[in-house]
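Trainee: Test case, fold it:
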Amino acid sequence: MKSAISFALLAAATVHGAVHNSTVSATSVADKFPIINFMGPTIEGASVNRKGELFAVNKTHFLSLKSGTSDPKNPKLTGPGDKTSHFASSRFTRTQDVLIGDAVGHSIWQQDYNSSDLKRRWNGRFARRAYTPFLINDKLLQPNDFTINGAETYLYMSGMNYTATTVAGEHGDVWYYNIKTGAYKQVPKEVMRGAGIHRCNGIDLSPDDKYLYVTSAQNINDVVTSTKVYKFVIDPATGEPKNPTTEVDLYQVLSNAGVKARERGMDPDGMRMDVEGNLFITLNAIPGVLRWNTKAPGDGTYIPLTTVFAPSNLEFGGEDGKTLYIVGRCQGLEKACVDAYKHDKPGRAITNLRGTTPPKTNSNTGTGSGNSGNSTSPGTEYPNVSNPPNTGSGSPTDAEKEMMRMKLLEWIKIIEKYIATWLKDGNPVPN
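Mentor: Numbers count the residues shown, from 1 in each chain. Now for the predicted structure:
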């Protein structure tokens, strides 16, 4: 009986927790990203390239917030602007180029950012789009947001159908996509229903890809009554998210910090993870972000925002990957704003993108150091990649084998590029 009570107390701490207020606010960086003035109230889908430069989408565009292009070598990427499309998310990847989520088009689009030309599809209903379909599935509710695992073998997507009164398992969905085989699979509705998962929006993986975190928001008579983050266990053999449990009750923990989230109708939006398991959650309708330590449940921090009144999405970037950029609507909800918060750890996505290894925690000291890998000089056109993969003895898992294969392909591409440049202009390696 005593052990049962202890377990119950631990579970309560996990769901609720003692959130404290940050002594440092995220501050405006609009002066560094002038294109923020162009994005408007539909700004979403923050992402960064290998250099840590910030990009985002609105309904019709995917743009660098600094230069206004899709990438320095490419023109701007523009959607049709009609009822068939609404950009909602974006990600840079090592192996699949840039991916842009289209919530209305039930699709994810692909742009090659390593080339001076855009991929094009001239036939069918997508003829006007200057990019190619990565996946299209009309059974998806959207997707709203998506994330990709470290080996870039599985893509996970969230979606919602916003209705006045939501039903668990019906108005929110989670899908996963096997990039190698092209096979889709939906988390069963009965699983979502049994866990009490309603509208799904923010989504991200743990640094070790063992867990998937997804937001849920419940509506009753057009009022948001419950907001939570759920934790799925990833089946390493199939990539399937299973056994969802409540990670954190957002209304409850924010109330503990004195934030009136329920009263203001807070609806959780984008989420991003750092390399140490800290999950950062945008609190749409409130000028704030919640940091939640998934490795020490109950440890949370409320981070106030300076100019972003209704945050929609966020991502880690900057030269060291430790700057958390937050995008969303300014006060008045008519314009887009961008704030930044300096964290002490890099983000999961940019770490994977650069091919570097997340730091491993030392059980004795609680600190760790990662293999930062080899990188080129800042400002050069050559991508950051890790050291050549170790293909020696041992019994690597399928995921590790796939990671080694991807890294080898990256090195082959870089070597080919160096040789081509050398033959044309001489040795490209900087002195």
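Trainee: can you give me the offset of stretch 153-167 from its chain's centre?
Mentor: Mean-position distance between stretch 153-167 and its chain equals 15 Å (CA atoms, centre = their mean, to the nearest Å).
Trainee: same question, stretch 36-43
Mentor: Using CA atoms, centre = their mean, the offset of stretch 36-43 from its chain centre is 19 Å.
Trainee: cool, stretch 226-242 as well?
Mentor: Mean C-alpha position of stretch 226-242 versus that of the full chain (CA atoms, centre = their mean) differs by 15 Å.
Trainee: Stretch 188-208 too?
Mentor: Here stretch 188-208 is found 15 Å from its chain centre; the criterion is CA atoms, centre = their mean.
Trainee: Which positions in it come out as buried?
Mentor: 191-192, 195, 197-207 (16 or more other CB atoms under 10 Å). Any C-beta I mention is one placed from the backbone N, CA and C, and that applies to glycine too.
Trainee: any idea of the mean pLDDT in that stretch?
Mentor: Mean pLDDT, stretch 188-208: 98.
Trainee: Equivalent analysis for stretch 327-346, please.
Mentor: For stretch 327-346, the mean confidence score works out to 97.
Trainee: Poorly predicted segments of the stretch 1-150 of the chain, please.
Mentor: For the stretch 1-150 of the chain, residues meeting the criterion pLDDT under 70 lie at 1-17, 72-75, 112-131.
Trainee: all strands of it, in order?
Mentor: In the stretch 1-150 of the chain, the strands defined using DSSP state E, counting those that start in this stretch lie at 18-21, 27-28, 44-48, 54-57, 61-64, 77-78, 87-92, 98-102, 107-111, 132-136, 145-148.
Trainee: coming back round to it: which one of the buried residues of stretch 188-208 is nearest to residue 234?
Mentor: Relative to residue 234, the closest of the buried residues of stretch 188-208 is residue 205; by CB to CB it sits at 7.6 Å.
Trainee: Bridged to that closest one, which residues?
Mentor: Note on residue 205: beta-bridge partners residue 212, judged by DSSP bridges.
Trainee: which stretches of the stretch 101-250 of the chain form helices?
Mentor: In the stretch 101-250 of the chain, the helices defined using DSSP state H, counting those that start in this stretch lie at 189-195, 250-256.
Trainee: on that earlier part again, I'd like to know which of the strands of the stretch 1-150 of the chain is closest to residue 253.
Mentor: strand 18-21 (4.7 Å).
Trainee: Which strands border the closest one, and is each parallel or antiparallel?
Mentor: As defined by DSSP bridges, the strand partners of strand 18-21 come to strand 299-304 (parallel).
Trainee: could I get the helices of the stretch 101-250 of the chain as JSON lines with distance to residue 48?
Mentor: Putting those into JSON lines (distance: least, CB to CB, whole Å) gives the following:
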{"stretch": "helix 189-195", "distance to residue 48": "31"}
{"stretch": "helix 250-256", "distance to residue 48": "26"}
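Trainee: Among those, which comes closest to residue 29?
Mentor: When these are ranked by proximity to residue 29, the top entry is helix 250-256, at 25.0 Å, counting by CB to CB.
Trainee: in stretch 161-174, what's buried?
Mentor: Buried residues in stretch 161-174, counted by 16+ other CB under 10 Å: 166, 168-169, 171-174.
Trainee: Could you do stretch 278-293 as well?
Mentor: Going by neighbour count (16+ other CB under 10 Å), the buried part of stretch 278-293 is 278-293.
Trainee: which strand is the longest one in the chain?
Mentor: strand 223-234 (DSSP state E).
Trainee: So what would you say the end-to-end distance of stretch 92-103 is?
Mentor: Using CA to CA, to the nearest Å, the end-to-end distance of stretch 92-103 comes out at 18 Å.
Trainee: repeat for stretch 273-282
Mentor: Its start and end residues considered, stretch 273-282 measures 12 Å (CA to CA).
Trainee: same deal with stretch 102-111?
Mentor: Using CA to CA, one end of stretch 102-111 lies 13 Å from the other.
Trainee: how far does that stretch sit from the chain's center?
Mentor: 15 Å.
Trainee: Residues in contact with that stretch: which ones?
Mentor: The contact list for stretch 102-111, computed with CB atoms under 8 Å, 6 or more residues apart in numbering, reads 62, 70-71, 74, 77, 79, 83-89, 96-101, 118-119, 129, 131-140, 142-144, 146, 155, 157, 159.
Trainee: and it, which residues are buried?
Mentor: For stretch 102-111, the neighbour count (16+ other CB under 10 Å) marks 102-103, 105-111 as buried.
Trainee: domain ranges for the chain?
Mentor: Using automatic domain parsing, the domain parsing of the chain gives 14-353, 368-431.
Trainee: Please identify the deepest-packed of those domains.
Mentor: domain 14-353 (a mean of 20; mean count of other CB atoms under 10 Å).
Trainee: show me the contacts for residue 304.
Mentor: 21-22, 25-26, 287-288.
Trainee: correct me, but residue 199 touches residue 166?
Mentor: Yes. Between residue 199 and residue 166 there is a contact under CB atoms under 8 Å: 5.7 Å.
Trainee: ok, back up a step: okay, among the buried residues of stretch 188-208, which ones form the most distant pair?
Mentor: Largest separation among the buried residues of stretch 188-208 by CB to CB: 198 and 207, giving 27.0 Å.
Trainee: Residue 248 versus the closest residue to residue 136 other than its chain neighbours, what's the distance?
Mentor: Once flanking residues are discounted, residue 136 sits nearest to residue 107: 4.3 Å by CB to CB, 6 or more residues apart in numbering. Noted for residue 107: a distance of 31 Å to residue 248, by CB to CB, to the nearest Å.
Trainee: hmm, back to that, just the closest of the buried residues of stretch 278-293 to residue 42, please.
Mentor: Distances from residue 42 to these, taken by CB to CB, are shortest for residue 284, at 12.8 Å.
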